[in-house]
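>>> compute the structure for the input listed below.
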Amino acid sequence: MGAAACDPTPFAEKINMQNYQALEEISIYLIDEEHTSLLAQQLAPLLITSGEQGEAGGRVHLKGELGAGKTHFVRALLRACGVEGRIKSPSYALLETYKVSNLYFYHLDFYRFSDPREWVDAGFRDLLQKQAVVLIEWPEQAGSLLPPPDLEISLDYAGAGRLARLTAYSNKGKSWLTSMVLPPQEFPPRDSPAAES
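Okay, the predicted model is just below:
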């Protein structure tokens, strides 16, 4: 995972998100990129199968500083869902689309948005109406205009690793969290540099 970089987004813009009711939250310490990939692989089958909460698909928002592992997580998730070939970052194109079987995957990156309305003007609102897996990096750049996700994943630097906080905002997201099998661990692990602070 890359080193922390300066984030040019003003803090006031980042906290402009509506306050949604969290239904469930779990935190896990990810030692390295491999553990980030393993977490993505745990979530992948839940997104592509129809469960108790209805159809396959759902919305996942990914938050965290530059280099925290958001794109790495999405790539690992898409691979685990069966996406083959090159998986590009949507940093410049804003949207990358994939299809596996009958399910569409939309990977969006709002980092470059300077106005929350830009995602609406770009026509992305229609993607949220479809049965698909919608993965959005930097959702805070859309402000309060973006509806709540099924699951929000926040990746924060924690020593050499990352602290992943997974928050469910829908019953579907809650069912994903309760279905995931995560290893028991101290939080943060005693031998982590984050434990010393």
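>>> where are the low-confidence patches of the chain?
Under the criterion pLDDT under 70, the flagged ranges of the chain are 1-19, 51-54, 90-93, 112-125, 128-130, 183-197.
>>> centroid residue for it?
residue 62 (2.8 Å; C-alpha atoms, centre = their mean).
>>> and the gap between the closest residue in space to it that isn't next to it in sequence and residue 138?
Excluding the flanking residues, the one nearest residue 62 by C-beta to C-beta, 6 or more residues apart in numbering is residue 70, at 4.2 Å. Backbone N, C-alpha and C define where each C-beta goes, glycine included. Here the distance between residue 70 and residue 138 works out to 8 Å (C-beta to C-beta, to the nearest Å).
>>> so which of these two has more stuff around it?
Each of residue 70 and residue 138 has its neighbours counted (other C-beta atoms under 10 Å); residue 70 has more, 25 against 22.
>>> I'd say the more buried one and residue 154 touch.
No. Shown here, residue 70 and residue 154 do not form a contact pair, counting by C-beta atoms under 8 Å, at 9.5 Å.
>>> strands of this structure, start to end?
Listed in chain order, the strands of the chain (DSSP state E) span residues 24-30, 58-64, 95-100, 103-109, 132-137, 151-158, 161-168.
>>> next, count neighbours for residue 21.
Number of residues near residue 21 (other C-beta under 10 Å) recorded here: 6.
>>> ok, now residue 75?
Residue 75, neighbours per other C-beta under 10 Å, totals 19.
>>> ok, it - contacts?
The contact partners of residue 75, by C-beta atoms under 8 Å, 6 or more residues apart in numbering, come to residue 87.
>>> how near is it to residue 37?
When distances are taken as C-beta to C-beta, residue 75 and residue 37 turn out to be 8 Å apart.
>>> that older thread, against residue 36, how distant is the residue nearest to residue 62?
Using C-beta to C-beta, residue 70 is found at 10 Å from residue 36.
>>> what is in contact with the two at once?
Both residue 70 and residue 36 are in contact with residue 155, where contact means C-beta under 8 Å, 6+ apart.
>>> residue 88 against residue 96, yeah?
Yes. With contacts counted by C-beta under 8 Å, residue 88 reaches residue 96, the gap being 5.4 Å.
>>> quick one: common contacting residues for residue 70 and residue 138?
Contact criterion C-beta under 8 Å, 6+ apart; residues shared by residue 70 and residue 138: 62-63.
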